[in-house]
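1. Sequence and predicted structure below; questions after.
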Amino acid sequence: ETGVTQSPTHLIKTRGQQVTLRCSSQSGHNTVSWYQQALGQGPQFIFQYYREEENGRGNFPPRFSGLQFPNYSSELNVNALELDDSALYLCASSSQRINTEAFFGQGTRLTVV
Amino acid sequence: DAKTTQPPSMDCAEGRAANLPCNHSTISGNEYVYWYRQIHSQGPQYIIHGLKNNETNEMASLIITEDRKSSTLILPHATLRDTAVYYCIGHQGGKLIFGQGTELSVKP
C-alpha cells in the first residue's frame, strides 16, 4: 500500500463526453503527477502539479487538464473523449525534494465506447 | 531525460537471482537511475534508485557501471510474486519517462 488512492477504479464513458478522475496523494507529499498507460505500453507522462500549479506537461492536447487542491489532492479532467483515450490512468505522488521516489496509486481504468 | 534500453523479456527460475540489465548511454551527470516494477493491471511500484554508487535495499540491489552508461537490477532470490514488468528510468526532477520495460517471468 502506497497511501495514494484513486477514484473511481473503473469507468465507462461515451465518445464526446467529459470525465474527471481523482487522486489523493500520500501524506507529506506536495506533488502529483498523472500518467496514461495504454494496453501493452509503458505509462506516458501527462502533467505534474506542485503547489496547485502545473509544473511540467507531456505531449498531450489541451483537452487534458488538471487541478491540485490545497490538501495536495488532484483531479485529471479530459474533455471531448475519444476512443484512444481508453487507458489506465495513474496518479503518482512525491515530494519536491530532489531525486525522491514517486508512489503510484492503483489507477483508474477508463473505457471510451 | 535519458533514453533507456532493456530486453523485452527474461525468464528466471524461482529461488535464483534475477539480473535485469539496462542501457542508459545518454544519461547526464546528475540524472538518477530509477527502477520500478508493475504487476499486471496495478500501479508501478518503486524498487530502488541510484546515481553512481551501488545501492541495496530490502527489495533489490542496483549495480551502476563506473561510466554510468548501464546498470543491473538484481533480485537476489526471485519468487513467483516477482513476475512483473520492470522499468529502468532515468529522470531529473519529477517526470518519469517509461520505456517498454522487461517482462520478467519467474518460473517454478
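-> Looks like it came in fine.
2. switch to C-alpha atoms for all contacts and neighbour counts from now on
-> Noted.
3. For A:D84, give me phi and psi.
-> phi -70, psi -10 (degrees, to the nearest 10).
4. again with the one 3 residues further on
-> Dihedral angles of A:A87 (phi, psi; degrees, to the nearest 10) stand at phi -180, psi 170.
5. If you drop the residues flanking it in sequence, what lies closest to it?
-> In this structure, A:A87 finds its nearest non-sequential neighbour in A:A38, 4.6 Å apart by CA to CA, 6 or more residues apart in numbering or on different chains.
6. what about that neighbour, neighbour count?
-> 16 (other CA atoms under 10 Å in any protein chain shown).
7. Contact partners for A:L67?
-> A:49, A:52-53, A:74-76 (CA atoms under 8 Å, 6 or more residues apart in numbering or on different chains).
8. Just the element for it, please.
-> According to DSSP states H and E, A:L67 maps onto strand A:64-68.
9. Note down every partner strand of that strand and its orientation.
-> If you go by DSSP bridges, strand A:64-68 pairs up with strand A:74-78 (antiparallel).
10. Extract the C-alpha trace of the partner strand and format it as CSV.
-> Below are the C-alpha coordinates for strand A:74-78, written out as CSV (Å, rounded to 0.1, in the frame of the first residue of the first chain):
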residue,chain,number,x,y,z
SER,A,74,-5.6,16.3,-7.6
GLU,A,75,-8.1,15.9,-10.4
LEU,A,76,-7.5,15.0,-14.1
ASN,A,77,-10.2,16.2,-16.5
VAL,A,78,-10.5,15.0,-20.0
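11. What is the subsequent helix or strand relative to it?
-> Strand A:74-78 is succeeded, C-terminally, by strand A:87-94 (DSSP H and E).
12. For the residue in chain B positioned nearest to chain A, give its distance to A:G107.
-> Closest approach between chain B and chain A, counting by CA to the nearest CA: B:G43, at 4.4 Å. Plainly put, B:G43 is 6 Å away from A:G107 if you go by CA to CA, to the nearest Å.
13. Looking at these two, which has the bigger crowd around it?
-> The neighbour comparison of B:G43 against A:G107 (other CA under 10 Å) goes to A:G107, with 30 against 23.
14. Near the closest residue to that one other than its chain neighbours, how many residues? Count them for me, please.
-> Leaving aside its sequence neighbours, A:G107 sits nearest to A:L90 (CA to CA, 6+ apart; 4.5 Å). Using other CA under 10 Å, the number of residues around A:L90 comes to 28.
15. cool, A:E53 as well?
-> Neighbour tally, A:E53, other CA under 10 Å: 13.
16. What lies in contact with the worst-scoring helix or strand of chain B on mean pLDDT?
-> Using mean pLDDT, DSSP states H and E, the weakest-scoring helix or strand in chain B turns out to be strand B:84-91, at a mean of 90. For strand B:84-91, the external contacting residues (CA under 8 Å, 6+ apart) are B:1-4, B:6, B:22, B:24, B:27, B:31-40, B:96-105.
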